[in-house]
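S.K.: Below are the sequence and a predicted model for it; my questions follow.
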Amino acid sequence: MELGAYLAVSAVLFVLGMAMAAARRSLIYVLMGLELILNAANINLVAFARFKPEIGLDGQIGAIFVIILAAAEAAIGLAIVLNVYSRFGTIRPDDIDELRQ
């Protein structure tokens, strides 16, 4: 496969992630959209490291760093979702409009 194929897959993942995050149907969809965006970035990092070694980018190391950040983001995000659900009884971002007094 050529570099263009990897970039096309990455672009599709990025657009899907942006659409999921922008739709805001539930907080779980927003978290899944952010994960898709991070995976698109990982594909770009690894593809450019493989096909353009003269850039000097260590794509695998960058991808591992992004995966670690994504794991931390998922754990904190799910904790926030559980807290929001226990407090408001819903995970729809549009229904959560109370501010603490």
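M.R.: In hand now; what should we look at? Just so we're clear, the structure is a prediction, and the values are computed from it rather than from any experiment.

S.K.: what about Gly62, which SS state?
M.R.: helix (DSSP: H, G, I helix; E, B strand; the rest coil).

S.K.: do Glu35 as well
M.R.: The three-state assignment at Glu35 reads helix, by three-state DSSP.

S.K.: Now do the closest residue in space to it that isn't next to it in sequence against Met32, distance only.
M.R.: Residue nearest to Glu35 in three dimensions, not counting chain neighbours: Ala70, with 6.1 Å by C-beta to C-beta, 6 or more residues apart in numbering. Any C-beta I mention is one placed from the backbone N, CA and C, and that applies to glycine too. From Ala70 across to Met32, the span is 11 Å (C-beta to C-beta, to the nearest Å).

S.K.: Where does the residue nearest to Glu35 fall, secondary structure wise?
M.R.: Ala70 belongs to helix 59-88 when assigned by DSSP states H and E.

S.K.: how about Leu13, what does it touch?
M.R.: Leu13 makes contacts with Leu36, Ile37, Asn39, Ala40, Ile43, as judged by C-beta atoms under 8 Å, 6 or more residues apart in numbering.

S.K.: residue ranges with poor pLDDT in this protein?
M.R.: The model of the chain has pLDDT under 70 over residues 56-57, 99-101.
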